[in-house]
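[1] Here's a sequence, model it:
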Amino acid sequence: MPFCGGTSWRIVVAAALVALLLDAAARADAKSFEDVRCKCICPPYRNITGHIYNRNVSQKDCHCLHVVDPMPVPGHDVEAYCLLCECKYEERSSNTIKVTIIIYLSVVGALLLYMLFLLLVDPLIRKHDAYTQPLHNEEDSEEMRPRVGSSQARGNTVLERVEGAQQRWKKQVQEQRKTVFDRHKMLS
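    From the prediction side, this is the model:
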């Protein structure tokens with residue numbers, strides 16, 4: 001059994017699945033669009049409405065005569081009609097777009113997995129602290145946590161620092177609520 005770990009086989013399966021999806025997407029995308037095109041925007045002309053024409057042609061052939069098909073005007077008006085049209089050659093890199101989207105989705109997915117991990121593991125890691133209590137009124141917020149002696153000083157782990165910052169933030173929010181709703185003043 002080469003993959004004994006629980007996550008290593010999942011990573012291999014996920015990588016194989018992603019490779020298959022990318023290969024299938026690349027084959028499908030090659031048939032459905034091109035990375036270069038000539039786009040001609042033709043405004044209304046006499047009794048003909050404006051229209052946008054797209055065609056996959058080379059940069060040297062990017063002008064009205066090669067892109068506009070079928071020509072909506074009769075032969076003697078073609079030159080006047082083509083002078084009104086604005087043609088632009090456009091290039092894009094679909095591979096760069098794909099890679100950017102894959103990176104973006106990977107980052108979002110990793111953050112969602114991390115959030116799920118924290119939601120599931122955080123209650124198991126965090127010890128219920130008898131000193132913390134919800135903030136209800138001014139007397140409670142001042143007596144939020146009794147001071148402990150230096151022999152009982154808590155460690156300075158990341159989780160405890162985050163909890164401390166969260167408690168300070170909750171206290172500030174409670175003070176702002178009191179100021180705005182009870183005293184009808186705005187904090188500056």
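
[2] residue ranges of the strands in the chain, please?
    36-42, 51-55, 86-91 (DSSP state E).

[3] Contacts for the shortest one next, please.
    Outside of strand 51-55, the residues that reach it under the criterion C-beta atoms under 8 Å, 6 or more residues apart in numbering are 37, 38, 39, 40, 41, 42, 66, 67, 68, 69, 72. In this view, the C-beta of every residue, glycine as well, is placed from N, C-alpha and C.

[4] go with 7 Å
    Residues outside strand 51-55 that contact it (C-beta atoms under 7 Å, 6 or more residues apart in numbering): 37, 38, 39, 40, 41, 42, 67, 68.

[5] What of the first one?
    By C-beta under 7 Å, 6+ apart, the list of residues contacting strand 36-42 from outside reads 50-57, 62, 64, 67-68, 81, 84-91.

[6] Would you format the strands of the chain as TSV with distance to residue 180, mean neighbour count and mean pLDDT included?
    As requested, the strands of the chain are arranged in TSV below (distance: least, C-beta to C-beta, whole Å; neighbours: other C-beta atoms under 10 Å; pLDDT from 0 to 100):
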stretch	distance to residue 180	mean neighbour count	mean pLDDT
strand 36-42	54	17	93
strand 51-55	54	14	92
strand 86-91	53	13	93
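
[7] Let's have those in TSV, adding distance to residue 106.
    TSV is the format used below for the strands of the chain (distance: least, C-beta to C-beta, whole Å):
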stretch	distance to residue 106
strand 36-42	28
strand 51-55	32
strand 86-91	26
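
[8] So which of those strands is nearest residue 156?
    Residue 156 lies closest to strand 86-91 among the strands of the chain, at 54.6 Å (C-beta to C-beta).

[9] ok, back up a step: with respect to residue 108, which of the contacts of strand 51-55 is nearest?
    Closest to residue 108, out of all of these and judged by C-beta to C-beta, is residue 37, at 30.4 Å.

[10] Any idea what the closest one is bridged to?
    Note on residue 37: beta-bridge partners by DSSP bridges are residue 90.

[11] Can you report how many residues lie near residue 122?
    The tally of other residues near residue 122 (other C-beta atoms under 10 Å) stands at 10.

[12] Quick one: residues contacting it.
    Residue 122 touches nothing, counting by C-beta under 7 Å, 6+ apart.

[13] do you know how far it is from residue 163?
    11 Å (C-beta to C-beta, to the nearest Å).

[14] where along this protein do the helices fall?
    In the chain, the helices defined using DSSP state H lie at 8-32, 64-67, 78-84, 94-125, 138-142, 158-177.

[15] possible to save those as CSV with mean pLDDT?
    What follows is the helices of the chain, written out as CSV (pLDDT from 0 to 100):
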stretch, mean pLDDT
helix 8-32, 62
helix 64-67, 90
helix 78-84, 91
helix 94-125, 90
helix 138-142, 50
helix 158-177, 89
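
[16] Pick the most buried one from those.
    The highest average neighbour count among the helices of the chain, using mean count of other C-beta atoms under 10 Å, belongs to helix 64-67 at a mean of 18.
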